[in-house]
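Visitor: got a sequence here, can you build the structure:
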Amino acid sequence: MNAPGTLDLPFVRAQFPAFAEPSLAGQAFFENAGGSYACGPVIERLGEYYRRLKVQPYYAFTASREAGEWMDVARARLAEYLGVGPEEAHFGPSSSQNTYVLAQAVRPLLTPGDEVIVTNQDHEANSGAWRRLAAAGMVIKEWRVDPQSGTLDPRELEPLLGRRTRLLAFPHASNIVAHENPVAAICERARAAGVMTVVDGVSWAPHGLPDVPALNADVYFFSLYKTYGPHQGLMVVRRGILERLANEGHYFNADALPKRLVPAGPDHAQIAASRGIAEYFDALDAHHHPGSPAAGRAARVRALLGSSEKPLLAALLDFLRGHPDVRLLGPADPDVRAPTVAFVPRRVAPHEVARRLAERGFMAAHGNFYAVRLLEALGVDPAQGIVRVSFVHYTSAGEVEGLIEALAAALAP
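Guide: So this is what the prediction gives:
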């Protein structure tokens, strides 16, 4: 029996078919920041949908009616975990495409000379779409990272906020330096200045879906395929903002809020299957907190995931921080970052380190990870790239110990 508050790892792994897949046996997965394993309920629902409900939804016949119900329940259940209304949760093919559509919907609210603040800490998904507004006459300001640590200083945001500032886009945590930005405080300051906030939660949400209202964010988005689900993006747009945005869907759907940011038809099956994410979290909470009420479930799951990850992150950071041939990117304190760990090897090329890890059964990655601006700010050649290892709650202590041993060998010239 696990101690209260301690993650039951065998139970967790039993919920993920990948851990029973023969072709993956003997390998440890450390590229979770690029996409996590899908949990069993998602895979089961996706399979059943394609077998039984692969019809146009929302018609009167039984299969169609049930297909629509599955989609509606998926939206409602994920919204519940995020603390928002179902009409505020919007599905799309990816986070990059969701933000592109959002930028088009925001554009009519702006006039030439209005200001948009972006960062150079972001994945390009929450930077490029907004920077393109410069072509329409908007003024793009950049909140820049510290070139040594890669972190954003909230004090340096203040002089960027002006009377014509209309929007601020920034990450909850970078997919490279992984520092957890003080989202609630930043959004509160922006709101006081009348500025809309768009928060990239892609690198944070796998470690516990956030309470979006508590963060004060007007828009919060992340990728479901990184939170144990299908290849979809989910974007929360608070109702007061949503009602102001231009309609990007068909003109006759302008009054249907869930369709306003859907230029093309939704992926019925993947949306329906995403309900499995909530069902997995339900099972996780029921197993670790039997008899607890539904209220507070999201917070309990967040705490459970975080408590399992922090000790493993501490061990990995300790190793990298003390290694003479490594430049660790981002904070070395596990309490202020997500378990996405990027570094620059000083004597072995990043691609060679990743290859050596793969030979030892450790799945990791190298590259620029769509954070070209951040790497340039840190003085790292994006063409050369970095090594990134990332994990989530289903990673074991033994796997992290093995990774550290493999890294010690892989970093040797």
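Visitor: what's the separation between Tyr370 and Val237?
Guide: Counting by C-beta to C-beta, to the nearest Å, the separation of Tyr370 from Val237 is 23 Å. Heads up, the C-betas are built off the backbone N, CA and C, glycines and all.
Visitor: tell me which of the two has more neighbours.
Guide: Neighbour tally, Tyr370 and Val237, criterion other C-beta atoms under 10 Å: the higher count belongs to Val237, 27 against 17.
Visitor: for beta bridges, what are the partners of the more buried one?
Guide: Applying DSSP bridges to Val237 yields these beta-bridge partners: Val219.
Visitor: my guess is it meets Ala217, correct?
Guide: No. Judged on C-beta atoms under 8 Å, Val237 makes no contact with Ala217 at a distance of 9.8 Å.
Visitor: can you show me the helices along this structure?
Guide: With DSSP state H, the ranges of helices along the chain come out as 9-14, 40-52, 62-82, 95-106, 128-131, 183-192, 212-215, 239-242, 268-273, 275-288, 297-321, 350-359, 372-377, 397-410.
Visitor: which of the ones you listed sits most buried?
Guide: helix 268-273 (a mean of 24; mean count of other C-beta atoms under 10 Å).
Visitor: residues contacting the nearest residue to Gly379 once chain neighbours are set aside?
Guide: Closest residue to Gly379 apart from its sequence neighbours, by C-beta to C-beta, 6 or more residues apart in numbering: Pro147 at 6.6 Å. Contact analysis of Pro147 by C-beta atoms under 8 Å, 6 or more residues apart in numbering lists Ala377, Leu378, Gly379.
Visitor: show me which of the residues you listed is closest to Leu316.
Guide: Using C-beta to C-beta, Leu378 is the member of those that sits closest to Leu316, with 19.6 Å.
Visitor: hmm, that closest one is touching Ala342, no?
Guide: No. Contact status for Leu378 versus Ala342: not in contact, 9.8 Å apart, counting by C-beta under 8 Å.
Visitor: so what's in contact with those two at the same time?
Guide: By C-beta under 8 Å, 6+ apart, Leu378 and Ala342 have these common neighbours: Leu329.
Visitor: so where's the stretch 1-150 of the chain shaky on pLDDT?
Guide: Applying pLDDT under 70 to the stretch 1-150 of the chain picks out residues 1-4.
Visitor: Leu378 and Ala342: which has the busier surroundings?
Guide: Set side by side, Leu378 and Ala342 give different neighbour counts by other C-beta under 10 Å, the larger being at Ala342 (31 against 24).
Visitor: quick one: the more buried one from Ser203, how far?
Guide: Relative to Ser203, and taking C-beta to C-beta, Ala342 is found at 11 Å.
Visitor: now do Leu209
Guide: Applying C-beta to C-beta, the value for Leu209 to Ser203 is 13 Å.
Visitor: more neighbours, those two?
Guide: More neighbours surround Ser203 than the other of Leu209 and Ser203, with 28 against 25 (other C-beta under 10 Å).
Visitor: straight-line length of stretch 191-202, end to end?
Guide: Across its full length, stretch 191-202 reaches 22 Å end to end, with C-alpha to C-alpha, to the nearest Å as the criterion.
Visitor: which parts of that stretch are buried?
Guide: The neighbour-count check on stretch 191-202 (16 or more other C-beta atoms under 10 Å) flags Val195, Met196, Thr197, Val198, Val199, Asp200, Gly201, Val202 as buried.
Visitor: ok, the third one touching Val212?
Guide: The one in question is Thr197. No. The pair Thr197 and Val212 fails to qualify as a contact (C-beta under 8 Å) at a distance of 11.0 Å.
Visitor: overlap of the contact sets of these two?
Guide: Taking C-beta under 8 Å, 6+ apart as the contact criterion, no residue touches both Thr197 and Val212.
Visitor: burial of Pro413, as a residue count?
Guide: Burial of Pro413, expressed as a neighbour count using other C-beta under 10 Å, amounts to 8.
Visitor: tell me the contacts of it?
Guide: With C-beta under 8 Å, 6+ apart, Pro413 has these contacts: Asp325, Arg347, Val348.
Visitor: select only the buried ones of these in ChimeraX?
Guide: Isolation of the buried members of these (16+ other C-beta under 10 Å) is achieved in ChimeraX through the command below:
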select :348
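Visitor: find the centremost residue of the protein, please.
Guide: When the chain is reduced to its mean C-alpha position, the closest residue under C-alpha atoms, centre = their mean turns out to be Val202, at 1.6 Å.
Visitor: would you agree that one is in contact with Phe221?
Guide: Yes. Counting by C-beta under 8 Å, Val202 touches Phe221, with 7.3 Å between them.
Visitor: so what sits against both of the two?
Guide: Any residue near both Val202 and Phe221 by C-beta under 8 Å, 6+ apart counts here, and that gives Ser95.
Visitor: thought Ser223 was touching Pro230?
Guide: No. At 10.2 Å, Ser223 does not count as touching Pro230 under the criterion of C-beta under 8 Å.
Visitor: who has more neighbours, those two?
Guide: When neighbours are counted by other C-beta under 10 Å, Ser223 comes out ahead of the other of Ser223 and Pro230, with 25 against 22.
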